[in-house]
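J.: the following block contains a protein sequence and its predicted model.
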Amino acid sequence: MTISKVALYARVSTHDKDQNPENQLIKLRSFAERHGWGVYDDYKDFASGAKFSRPDYDKMLKEARQRRFSAILVVRLDRLGRTARPLLDLLEELKRFNVELICTEQPFDTSSPMGKACFTILAAMAELELELIRERTMDGLDRARAQGKRLGRPQNAIPTERILVLNSQGLSLKRIGREVGMTPQGVKKRLIKAGVTKRVENRT
């Protein structure tokens, strides 16, 4: 299959606020350039790998079904998701629309039995890692409760200054939310709390 245009997909967890999906996208753009492929668009989500319904992920699949590109590039399989069955279903769906899946740091050829087996093993490992993360998280929460620590996300985990800068650029609440990993309603509340009321009530 000849690859002409590719889609780039990056995901970071909502818990990994120190990470930036742009780090993944830089690697993907470089990979595409080395192979002489044009980039149709890039997609990025701030979401758990256990969720297979995310704004940009859903948009990318919709455009894959419309055959707007011939391959999806990700750095690793776990950036697409961390549960095996949905990953295998995704692979089959992409095949129906003649869209290849390429992991730049985990090379495998799913057109061969060995490559398909490799994909299955990597999907299972991604799911196992998710379960281990959950176990460690629960152990940490139990320990924190036993020590009487207050649990919950810090109110100011996302800097208000970043939201104010994006707002000053005229971005919509939805777009700002995508950039910082918050819901549009959360962005709206933060802006109002910061004293910004102009146009906020009527923006989406």
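T.: On my side now, so go ahead.

J.: any idea which helix or strand comes after the least confident helix or strand in the chain by mean pLDDT?
T.: Within the chain, confidence by mean pLDDT, DSSP states H and E is lowest for helix 113-146 among all helices and strands, at a mean of 63. Downstream of helix 113-146, the first helix or strand assigned by DSSP states H and E is helix 160-168.

J.: the strand or helix carrying residue 93: how far from the chain's middle?
T.: Residue 93 belongs to helix 84-96 when assigned by DSSP H and E. What separates the centre of helix 84-96 from the centre of its chain is 17 Å, taken as CA atoms, centre = their mean, to the nearest Å.

J.: given the next helix or strand along the chain from it, what are its sheet partners and their directions?
T.: Using DSSP H and E, the helix or strand that follows helix 84-96 in sequence is strand 100-103. Using DSSP bridges, the strands paired with strand 100-103 in its sheet are strand 71-74 (parallel).

J.: now the strand it pairs with: average pLDDT?
T.: Averaged over strand 71-74, pLDDT sits at 93.

J.: quick one: contacts of it?
T.: For strand 71-74, contacts defined as CB atoms under 8 Å, 6 or more residues apart in numbering pick out 3, 6-10, 24, 28, 31-32, 37, 60, 64, 80, 94, 99-104. C-beta here means a position set from N, CA and C on the backbone, and glycine is covered the same way.

J.: dump that strand to PDB, restricted to CA.
T.: Provided in PDB are the C-alpha atoms of strand 71-74 (Å, rounded to 0.1, in the frame of the first residue of the first chain):
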ATOM      1  CA  ALA A  71      -2.100   5.900   7.700                       C
ATOM      2  CA  ILE A  72      -2.300   6.900  11.400                       C
ATOM      3  CA  LEU A  73       1.000   7.500  13.200                       C
ATOM      4  CA  VAL A  74       1.500   7.100  16.900                       C
END
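
J.: just the buried residues of that strand, please?
T.: Judged by neighbour count (16 or more other CB atoms under 10 Å), strand 71-74 contains these buried residues: 71-74.

J.: and for stretch 98-107?
T.: Buried residues in stretch 98-107, counted by 16+ other CB under 10 Å: 99-104.

J.: over to stretch 53-63?
T.: Those would be 54, 56-57, 60-61, 63, for stretch 53-63 by 16+ other CB under 10 Å.

J.: return the member of those residues nearest to residue 20.
T.: Comparing those against residue 20 with CB to CB places residue 56 closest, at 14.8 Å.

J.: helix/strand/coil for that closest one?
T.: Under DSSP: H, G, I helix; E, B strand; the rest coil, the three-state class of residue 56 is helix.

J.: what is the burial count for the closest residue to it other than its chain neighbours?
T.: When the adjacent residues along the chain are set aside, residue 56 lies closest to residue 43, with 3.8 Å between them (CB to CB, 6 or more residues apart in numbering). If you count neighbours by other CB atoms under 10 Å, residue 43 ends up with 23.
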